[in-house]
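Enquirer: Dropping the sequence and predicted coords here.
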Amino acid sequence: MSETDEIIETEVKNEISISGAITGSYLFFMSHFNHFIRLAWVPLLIWVMVELACDYALNEYGLIYDSMVPRAIVSAAFALVWYRQFLMGEQYATYDQLFDHVVSPGVFNFYSLIRSIARIVITTIILFVPTLMLSISFLFYQYSQGILMDEAAIQDAAFKSTTLVILLFSPILVRLSLYTVGVALGRRKMSLRDIWKKTSGSTWVLWLLILRAFLPITLYTYFITWAFETIARKLGMGYFWTSLFVNVPTGFLTLMMLAIVVAVNGEAFKVMVGVRKEEREQ
């Protein structure tokens, strides 16, 4: 069976209910909570151990390590396997299958690796250049107002610039994010151009869809993290127990947020692009 025949194309393009997709995402999460635990406990364990290792290095040896990269890797792995859980079913949603699928012949090769690296580099440059320009502009403005240019001021300018750039580029990013769904499902011939065409005319629908799914649980996660950090400080916990006390719920809620957003994105992919009847034949 050809790849085209395996895909169920939607008869009416770009018709997606925002409320229906979000409601369905939460219902899917609650009805598959046991599968969430099965797929999330390893990334959560890695998340907590990485944070604990960073806190240990800082408090015992004064060494500073950034945990963002390993956290991003385990979060991405969970997101990919949850896409498969949502769109293909439990039997296809394992990390072993995901790994075998990514490195299997015909899916992963040197050419595809170079293309993936090129996409990452180009995307980084596109986002980095305006972010750098905005950061410099913020710093010059703060300097003109007599604000001391210390490390805190630089970090504040970088944070504001990054947030603004991501917000400005978010209508584009939400459309291209459906490409990640294709990667998880094994769409070897699908390109960013294909995704761009499939999502034509649906930019703001997708933007509102992701915003409504992402914002509430993000605010809730932020509040919970802040509350646990405050409690840990008031109780005078050592760094070891503070790290566990804060990062276990933070990591859990972050993966939960990912599961919700992934299902919403997966529903958008199913409506706008179409899904397979069964897994791609090797």
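Expert: Alright, I've got the coordinates.

Enquirer: Where does the prediction get shaky in the stretch 101-250 of the chain?
Expert: Scanning the stretch 101-250 of the chain for pLDDT under 70 picks out 101-135, 138-139, 141-143, 145, 147-153, 188.

Enquirer: any chance you could map the helices in it?
Expert: Secondary structure of the stretch 101-250 of the chain (DSSP state H, counting those that start in this stretch): helices located at 110-144, 151-176, 178-185, 192-198, 203-235, 239-272.

Enquirer: how about the ones you listed, which one is nearest L39?
Expert: Of all these, it is helix 239-272 that lies closest to L39, at 8.6 Å by Cβ to Cβ. Quick note: C-beta positions are derived from backbone N, CA and C, even for glycine.

Enquirer: List the buried residues of that closest one.
Expert: 242-248, 250-272 (16 or more other Cβ atoms under 10 Å).

Enquirer: With stretch 180-194 instead?
Expert: By neighbour count on 16+ other Cβ under 10 Å, the buried set for stretch 180-194 is 180-187, 190.

Enquirer: what's the first-to-last distance across it?
Expert: Stretch 180-194 has its terminal residues 13 Å apart, counting by Cα to Cα, to the nearest Å.

Enquirer: roughly how far out does stretch 20-30 sit from the chain middle?
Expert: In terms of Cα atoms, centre = their mean, to the nearest Å, the gap separating the centre of stretch 20-30 from the centre of its chain is 18 Å.

Enquirer: Export only the CA atoms of that stretch, formatted as CSV.
Expert: Below are the C-alpha coordinates for stretch 20-30, written out as CSV (Å, rounded to 0.1, in the frame of the first residue of the first chain):
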residue,chain,number,x,y,z
GLY,A,20,-14.0,20.8,20.8
ALA,A,21,-10.2,20.1,20.3
ILE,A,22,-9.3,21.4,23.7
THR,A,23,-12.1,19.6,25.5
GLY,A,24,-11.1,16.4,23.6
SER,A,25,-7.5,16.8,24.6
TYR,A,26,-8.3,17.0,28.3
LEU,A,27,-10.7,14.1,28.0
PHE,A,28,-8.1,12.0,26.2
PHE,A,29,-5.5,12.8,28.9
MET,A,30,-7.9,11.9,31.7
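
Enquirer: Okay, E229 and F223: tell me how far apart.
Expert: 11 Å (Cβ to Cβ, to the nearest Å).

Enquirer: Not counting sequence-adjacent ones, nearest residue to I260?
Expert: Nearest residue to I260, sequence neighbours excluded (Cβ to Cβ, 6 or more residues apart in numbering): S25, at 5.2 Å.

Enquirer: I figured T203 was touching P171, is that so?
Expert: Yes - with contacts counted by Cβ atoms under 8 Å, T203 reaches P171, the gap being 5.0 Å.

Enquirer: if I pick I217, what's in contact with it?
Expert: By Cβ atoms under 8 Å, 6 or more residues apart in numbering, the contact list for I217 reads 253, 256-257, 260.

Enquirer: All good on my end, thank you.
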